[in-house]
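Whatever this is, show me its structure:
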Amino acid sequence: MLPTRRGFSVATRRISRTALAPLALATALTALAAPAAPPVHAATALPAVTPRAATPALYDDAAGGGADADDPAIWRDAADPDRSLVIATAKKGGLRVYDLDAREIQSVPAPAAPRPGDAPGRFNNVDLVHGMRLSGGRADLAVTTDRGRDRLRVYRIDRDRPGGPLTDVTDPAAPAVFSASEDEVNEQRTAYGLATWTDRATGRSYALVSRRERTRLALLELVAHADGTVGYRTVRTLDLPSAFRLPDGTSWSPCAEPGELPQVEGMVVDPADGTLYAGQEDVGIWRLRADLTGTPKLIDRVREYGVPATYDEATEECVAGADPGYGGKHLTADVEGLTLVTEDDGDGLLLASSQGDDTFAAYDREVSDANEYEGGFRVAAASASLDGSEECDGAAALAEPLGRRWPDGLLVVQDGHDSPEDTGRTATGFKFVDLGDVTDAVDD
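Residues are numbered from 1 along each chain as shown. Prediction:
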């Protein structure tokens with residue numbers, strides 16, 4: 001049987017299906033699914049890096065307020081890099097803001113349900129927009145997907161604001177991203193993954209948003225209003241495939257619960273050329289234009305790609321068949337947090353969380369080099385009191401000096417199995433890793 005993810009069986013999100021509506025695009029991409037060597041599980045052979053700091057544990061229970069760590073973003077204070085921030089989602093717990101010592105300095109609650117029985121706010125992913133022109137001047141923004149309410153929430157960043165650096169500037173009339181009614185919102189096929197992008201040619205800022213349990217991506221333009229709030233409008237959408245033609249002529253879809261399609265969560269845009277990288281969790285990593293035009297290209301596949309599996313309703317698990325060998329070598333489902341390490345000379349890396357084996361894969365940032373695989377690493381325990389990262393959901397890297405403690409830059413990764421002293425509660429959190437250690441590990 002396939003492995004179990006944190007808090008639910010992997011089968012609750014995967015099932016083989018015969019609906020082939022997206023097969024036209026999938027067929028066009030058949031050449032991308034060339035047979036690969038049999039899966040090589042060499043996670044233990046990858047080099048290890050260790051964190052230097054960890055946030056306080058978050059608890060997804062009644063006492064913890066439903067706080068469940070998911071996705072981070074790193075904001076750099078150009079005037080004083082030592083005062084830079086990490087802004088992270090805590091799902092029902094809203095947002096958390098940390099300093100560079102991983103100490104919490106602000107907690108922002110998610111919105112309450114508008115009516116009894118409606119879904120409350122639940123923040124999934126977060127990203128930043130720099131220097132957007134608002135009515136009061138240019139400002140940096142933190143944008144998050146509110147998975148519970150199917151909306152974007154937008155927060156202005158002001159490091160010296162009393163009470164905390166984040167101020168909610170979301171347009172109160174902002175519409176649902178994907179849902180046509182409150183009933184659809186409550187079905188929770190809502191705004192999920194997120195990446196922001198500012199088009200250098202026009203100066204306009206956008207959010208790329210994925211839909212939970214669907215393959216759809218939406219391009220939303222962020223719109224500043226005269227009252228200082230920020231809304232958004234849908235520019236276009238694109239549906240990635242849910243079924244794939246294999247080299248042997250058969251069709252394959254990832255196993256999931258009936259009615260669910262293989263969703264995207266981890267996404268990042270390369271600001272240099274407007275390239276979007278999107279992690280379809282049970283499929284692999286796609287490369288496409290951030291304006292959602294053109295044909296997506298699958299640059300790597302998970303090891304499980306092409307493996308037939310059937311959903312067993314009695315056990316709520318997927319029963320897998322023989323591996324035909326069409327999968328990749330570097331990613332074990334799910335593909336999760338994607339982030340870029342960008343360097344001044346144009347070089348850099350695309351990092352991806354390989355959640356199924358607790359590792360990270362690194363690819364060349366350059367499209368001209370076909371995003372060649374460069375290596376991998378693990379985030380391992382630094383000590384008995386500072387563990388590593390397991391089942392990582394989200395990651396953010398910044399390859400710029402961040403004060404005295406992080407002169408080589410910073411990588412922040414979610415830890416799906418934090419290990420605080422109180423081991424009687426399920427805990428999550430974020431680990432801070434020296435980015436220089438990461439690049440050294442990949443180079444080795």
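
which stretches of the stretch 151-300 of the chain have low pLDDT?
Filtered on pLDDT under 70, the stretch 151-300 of the chain yields no residues whatsoever.

Would you state the strands of it in chain order?
151-157, 166-168, 191-198, 205-211, 216-224, 230-239, 244-245, 251-252, 264-270, 275-280, 284-289, 297-301 (DSSP state E, counting those that start in this stretch).

Let's test this: mean pLDDT of the longest strand anywhere in the chain, rounded?
For the chain, the strand with the greatest residue count under DSSP state E is strand 123-134. Regarding strand 123-134, the rounded mean pLDDT is 97.

That strand vs strand 191-198, what angle?
30 degrees (axes from the mean of the first three to the mean of the last three Cα atoms, to 10 degrees).

elements contacting strand 123-134?
strand 72-75, strand 85-89, strand 137-146, strand 151-157, strand 191-198, strand 205-211, strand 216-224, strand 264-270 (3 or more Cβ pairs under 8 Å, 6 or more residues apart in numbering; DSSP states H and E). C-beta coordinates here come from the backbone N, C-alpha and C atoms, glycine included.

Mind putting the ones you listed into JSON lines with distance to residue 442 and mean neighbour count?
Formatted as JSON lines, the helices and strands packed on strand 123-134 follow (distance: least, Cβ to Cβ, whole Å; neighbours: other Cβ atoms under 10 Å):
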{"stretch": "strand 72-75", "distance to residue 442": "19", "mean neighbour count": "25"}
{"stretch": "strand 85-89", "distance to residue 442": "22", "mean neighbour count": "26"}
{"stretch": "strand 137-146", "distance to residue 442": "28", "mean neighbour count": "22"}
{"stretch": "strand 151-157", "distance to residue 442": "30", "mean neighbour count": "23"}
{"stretch": "strand 191-198", "distance to residue 442": "22", "mean neighbour count": "25"}
{"stretch": "strand 205-211", "distance to residue 442": "26", "mean neighbour count": "26"}
{"stretch": "strand 216-224", "distance to residue 442": "28", "mean neighbour count": "20"}
{"stretch": "strand 264-270", "distance to residue 442": "17", "mean neighbour count": "26"}
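
Let me have the strands of the stretch 151-300 of the chain in JSON lines, adding distance to residue 84 as columns.
Formatted as JSON lines, the strands of the stretch 151-300 of the chain follow (distance: least, Cβ to Cβ, whole Å):
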{"stretch": "strand 151-157", "distance to residue 84": "11"}
{"stretch": "strand 166-168", "distance to residue 84": "14"}
{"stretch": "strand 191-198", "distance to residue 84": "18"}
{"stretch": "strand 205-211", "distance to residue 84": "21"}
{"stretch": "strand 216-224", "distance to residue 84": "23"}
{"stretch": "strand 230-239", "distance to residue 84": "22"}
{"stretch": "strand 244-245", "distance to residue 84": "41"}
{"stretch": "strand 251-252", "distance to residue 84": "44"}
{"stretch": "strand 264-270", "distance to residue 84": "19"}
{"stretch": "strand 275-280", "distance to residue 84": "24"}
{"stretch": "strand 284-289", "distance to residue 84": "28"}
{"stretch": "strand 297-301", "distance to residue 84": "31"}
